[in-house]
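[1] need a 3D model of the following:
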Amino acid sequence: MSAAVQAVGLTKDFGSVLAVDHVDFEVEEGSIVGLLGPNGAGKTTIIRMLCTLLTPSSGRATVAGLDVVRDARDVRAVIGLTGQYAAVDQDLTGRENLILCGRLVHLSRPAAQAKADELLERFDLADAANRTLKTYSGGMRRRLDLAASLVGTPVVLFLDEPTTGLDPRSRLALWDVIEALKASGTTIVLTTQYLEEADRLAERISVIDGGKIIADGTSDELKTKFGGDVLEIAMADRRQTARASRLLAPLVGLRAADLHVDADMGTMSLPVSGGAQSLTEVVRALDAKGYALADIVLRRPSLDDVFLSLTGHGTEDVAGPPSARRRRRRQSDSAA
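    Below is the predicted model of the structure:
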């Protein structure tokens, strides 16, 4: 397959803040690629450059074979964008919003009306077509916003954290819509900080932190390469958790630096290299010291484990710009 989106050395700085740092990636036609990272990682800045809303400081990118700087007008004609917040008019009805979008992309009035009706049906909004958006739920607004980005029948669709703020049921419904779009041949670039979302939707995932892509591959490839098996332990007596963790740290095959302990909950989680043998060693060691277990599970890694392994933190909000986070990590490493 040919690349629908390609970036080489894509960089964006805002004065002293380096928001995107020489990013390389590509998206094959008809696929979904996920850009996974915490708030402030640079995901939205990358999307804005690819959509011609920002000019790169250096590097280059193409969308559908068109240069995002030199051919900006042509790029905008072949893409759709759904941002982090619904860009629809709450004083208009659902149908009026879509007709307005159709007219803005130069559809005739009959064609805009026909497209609006088609999309309202497709996104299960036909019954609410004549209601103002003030009466829509958050999930309905996001579906309408996604429908609006498809009025011009884009070749490439950019979704910037499309499910942020949605309840679980609305999120699942929107996932179904995104999967249907992919099945119809639409190329999709998806940014998200939800690990489960990237795991379910994206065929390839680029992990972003501090403005850099630090890992890339399929979900299974990333889990195999960076995750390893994970041992989860729940202590019968939470007060024993800290002491038990100190006992486990020296065991052969366990990476002590990756031992995550929640003394309040009485739980421990750690990557292991020995699989079932490591589980047996842990049970024997704890039993020999008289520690009782409430539960112990050996499981395959999740994307959360991968992200923790790569960055040392989860996908929760991380305060400050990427450059500041990098300085803090270097200081922390030096102190350690």
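
[2] going by C-alpha atoms from here, please, whenever you check contacts or count neighbours.
    Will do.

[3] burial check on residue 17, number of neighbours?
    Neighbours of residue 17 under the rule other CA atoms under 10 Å: 12.

[4] and residue 127, by the same measure?
    By other CA under 10 Å, neighbour count at residue 127 equals 10.

[5] same thing with residue 36?
    Residue crowding around residue 36 was assessed by other CA under 10 Å; the count is 31.

[6] next one: residue 213 relative to residue 47, how far apart?
    From residue 213 across to residue 47, the span is 14 Å (CA to CA, to the nearest Å).

[7] then residue 260?
    Taken as CA to CA, the span from residue 260 to residue 47 is 34 Å.

[8] repeat for residue 296
    42 Å.

[9] so for those two, which sits in the more crowded spot?
    Counting neighbours by other CA under 10 Å for residue 296 and for residue 47 shows that residue 47 has the greater number, 21 against 17.

[10] can you give me every residue that contacts the more buried one?
    158, 160 (CA atoms under 8 Å, 6 or more residues apart in numbering).

[11] secondary structure class of it, three-state.
    Taking DSSP: H, G, I helix; E, B strand; the rest coil as the rule, one finds residue 47 in the helix state.

[12] what of residue 27?
    strand.

[13] tell me which element residue 159 falls in.
    In this structure, residue 159 sits in strand 156-160 according to DSSP states H and E.

[14] need the residues that contact that strand.
    4, 43-44, 47, 63-64, 78-84, 149, 186-192.

[15] same question for stretch 95-113.
    By CA under 8 Å, 6+ apart, stretch 95-113 touches 88, 89, 115, 116, 117, 120, 129, 130, 147, 148, 151, 152.

[16] gap between the two ends of that stretch?
    8 Å.

[17] show the end-to-end separation of stretch 143-155, please.
    Using CA to CA, the end-to-end distance of stretch 143-155 comes to 19 Å.

[18] stretch 117-134 now?
    20 Å.

[19] and it, average pLDDT?
    Stretch 117-134 comes out with an average pLDDT of 94.

[20] buried set for it?
    Using 16 or more other CA atoms under 10 Å as the test for burial, stretch 117-134 gives 117, 119, 120, 123, 125, 126, 128, 129, 131, 132, 133.

[21] okay, the residue nearest to residue 238 when sequence neighbours are not counted: pLDDT?
    Closest residue to residue 238 apart from its sequence neighbours, by CA to CA, 6 or more residues apart in numbering: residue 266 at 4.1 Å. pLDDT for residue 266: 94.

[22] how close does residue 62 sit to residue 2?
    For residue 62, the distance to residue 2 - CA to CA - is 12 Å.
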